[in-house]
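1. Got a predicted structure here, sequence first:
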Amino acid sequence: MKELTLKEYAVKNKISLFNVMKMAKSGQIPSETRTINGKEEIFILSDEAPKAETVKEDEIIDYKQAYFELKAKYDKLLKQKG
């Protein structure tokens, strides 16, 4: 396994530094935290890019129908609570 800093990993995979840090802390990518000169630094232990989620581009959303479905669920929850 190759060790990369957060910045190197972000540049290599074209991901923001903040997102790399979140993924490392949540355990989505293997990482290791070390103390160097009194500061904790995170090193990424893998050079594989995370798999991106597939995006449905051709899906047409009927917002009016979605609104009424959500409103029905909301009303149902209000009835259950009170």
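-> Thanks, I have it.

2. separation between the residue of the chain most remote from its centre and residue 76?
-> Centroid-distance maximum for the chain: residue 82 at 35.9 Å, with CA atoms, centre = their mean. According to CB to CB, to the nearest Å, residue 82 and residue 76 sit 12 Å apart. Just so you know, the C-beta spots here come from the backbone N, C-alpha and C atoms, and that holds for glycine as well.

3. ditto for residue 11
-> On the measure of CB to CB, residue 11 and residue 76 end up 48 Å apart.

4. Those two: who's more crowded?
-> Under the neighbour definition other CB atoms under 10 Å, residue 11 and residue 76 were set side by side, and residue 11 has more, 13 against 10.

5. The more buried one and residue 38: what is the separation?
-> 26 Å.

6. Buried residues, the strand or helix carrying residue 11. List them.
-> Here residue 11 sits within helix 6-13, counting by DSSP states H and E. Buried residues in helix 6-13, defined by neighbour count with 16 or more other CB atoms under 10 Å: 6, 9-10, 13.

7. Tell me the one of those residues nearest residue 45?
-> residue 9 (10.0 Å; CB to CB).

8. Give me the spatial nearest neighbour of the closest one, chain neighbours excluded.
-> Among residues not flanking residue 9 along the chain, residue 44 sits closest, at 4.4 Å (CB to CB, 6 or more residues apart in numbering).

9. Just the pLDDT for the nearest residue to residue 21 once chain neighbours are set aside.
-> Nearest residue to residue 21, sequence neighbours excluded (CB to CB, 6+ apart): residue 6, at 5.9 Å. pLDDT for residue 6: 89.

10. does residue 6 really touch residue 40, like I thought?
-> No: here residue 6 does not reach residue 40: they are 11.7 Å apart, not a contact under CB atoms under 8 Å.

11. May I have the helix holding residue 11 as PDB, with CA atoms only?
-> Provided in PDB are the C-alpha atoms of helix 6-13 (Å, rounded to 0.1, in the frame of the first residue of the first chain):
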ATOM      1  CA  LEU A   6      -4.600  14.200   2.300                       C
ATOM      2  CA  LYS A   7      -3.700  16.800  -0.300                       C
ATOM      3  CA  GLU A   8      -1.900  14.300  -2.600                       C
ATOM      4  CA  TYR A   9      -4.900  12.000  -2.400                       C
ATOM      5  CA  ALA A  10      -7.300  14.900  -3.100                       C
ATOM      6  CA  VAL A  11      -5.300  16.100  -6.100                       C
ATOM      7  CA  LYS A  12      -4.900  12.600  -7.500                       C
ATOM      8  CA  ASN A  13      -8.600  11.700  -7.400                       C
END
